[in-house]
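Enquirer: This is a predicted model, with the sequence first.
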Amino acid sequence: MTILPLSLELGLSYGKITCEDSWKWDRIDRPFEDCDLWYVWSGEGEMLLNGHTYALSRGSCFLFRPGDLTLAKHNPHKPLTITYIHFPFPSLEVDLPDAYRIVSDSFMFETMLNRYVETLLNPRFGSTEEAKLMLNLLLIYLHRDDMDGHSKETSARHHLEQSIREVASFIRQNPSMSHSMENLAERTELSPRYFSIKFKEIMKVTLEIFIIQTKIERAEHLLRFSGMKVTEVAEALGYRNIYFFSRQFKQFTGKKASDLRKSTSSELP
């Protein structure tokens, strides 16, 4: 298996688009001449690829090759949003990943897709080289997915775990928000009770403790590096009672917030 950085050339066709209501994709009579990476963000549809039919939903990912024949359509009431990246077939002997999969870690893969498109839409110094590296990373990710046995994983367990981890990422990114069980469960389309059970099973900690840990980790970072006072940090993270915050901080870190603030203040210029 060979994937070398900068060994791939970039194509002129790429982007992220929500398909029109009447959209269809018919290449039955026009086989691919190059490669096309195709990822579904949302919506419902169906893809016929070389005689095999695949349901389209979030996470569906195809890597079309020269000679592939495709026919696709979608539900106009739930239109497809897709990212597509066209690139020439590698001139070197490079093993390409499997043609189809449900992406196992959509958060990471979608981050790389967005980065690729944004890099080329807003060219700056080194944009072409960066885009080539991103394309290599995307293909490496897909290869790794194949090797881990996830290329055709469509089980309910896979989708459930992915949804729970996305909620956990959302909490980490927004530690100051007031997160409720009901609102978070709604993001996964699960009942609050079932969501709570599965969150603990997958994340190895209860939702309540996870939210507190996230807040305390952010508080420790702010106290160390922002120059904010303890009261300011507590308020920024949604604590109404400074004594409750201090007690919780000590419980989870083994240190006093005030002592940490003093020690870091003395290091500031």
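Expert: Sure, I can see it. Numbers count the residues shown, from 1 in each chain.
Enquirer: which strands and helices sit next to whatever helix or strand residue 134 lives in?
Expert: Using DSSP states H and E, residue 134 sits in helix 127-147. Applying 3 or more C-beta pairs under 8 Å, 6 or more residues apart in numbering; DSSP states H and E, one finds that helix 127-147 contacts strand 60-64, strand 81-87, strand 100-102, helix 106-121. C-betas here are computed from N, CA, C, even on glycine.
Enquirer: Taking helix 106-121 as reference, get the angle to the helix or strand just after that helix.
Expert: The element immediately downstream of helix 127-147 (helix or strand, assigned by DSSP H and E) is helix 156-173. If you take axes from the mean of the first three to the mean of the last three C-alpha atoms, to 10 degrees, helix 156-173 sits at 60 degrees to helix 106-121.
Enquirer: After helix 156-173, which helix or strand is next?
Expert: helix 181-188.
Enquirer: residues of the helix holding residue 134 that come out buried?
Expert: By 16 or more other C-beta atoms under 10 Å, the buried positions in helix 127-147 come out as 130-139, 141-143, 145-146.
Enquirer: what about residue 53, how many residues close to it?
Expert: Counted with other C-beta atoms under 10 Å, residues neighbouring residue 53 total 9.
Enquirer: Going forward, the N-terminal residue is numbered 33.
Expert: Let's use 33 as the start, then, which means that last one is residue 85.
Enquirer: pLDDT wise, what is it at?
Expert: For residue 85, the model assigns a pLDDT of 92.
Enquirer: try residue 245
Expert: What the model reports for residue 245 is a pLDDT of 96.
Enquirer: CA atoms only: put the helix or strand harbouring it into CSV for me.
Expert: Assigned by DSSP H and E, residue 245 falls within helix 239-257. Provided in CSV are the C-alpha atoms of helix 239-257 (Å, rounded to 0.1, in the frame of the first residue of the first chain):
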residue,chain,number,x,y,z
LEU,A,239,-23.4,12.8,31.7
GLU,A,240,-23.5,14.9,34.8
ILE,A,241,-19.9,14.1,35.7
PHE,A,242,-18.7,14.6,32.1
ILE,A,243,-20.2,18.1,32.0
ILE,A,244,-18.6,19.0,35.3
GLN,A,245,-15.2,17.6,34.2
THR,A,246,-15.4,19.6,31.1
LYS,A,247,-16.1,22.8,33.0
ILE,A,248,-13.4,22.2,35.5
GLU,A,249,-10.8,21.4,32.7
ARG,A,250,-11.7,24.7,31.0
ALA,A,251,-11.6,26.5,34.4
GLU,A,252,-8.1,25.2,35.0
HIS,A,253,-6.9,26.3,31.6
LEU,A,254,-8.4,29.8,32.1
LEU,A,255,-6.8,30.2,35.5
ARG,A,256,-3.4,29.1,34.2
PHE,A,257,-3.3,31.1,31.0
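Enquirer: With that, I have no additional questions.
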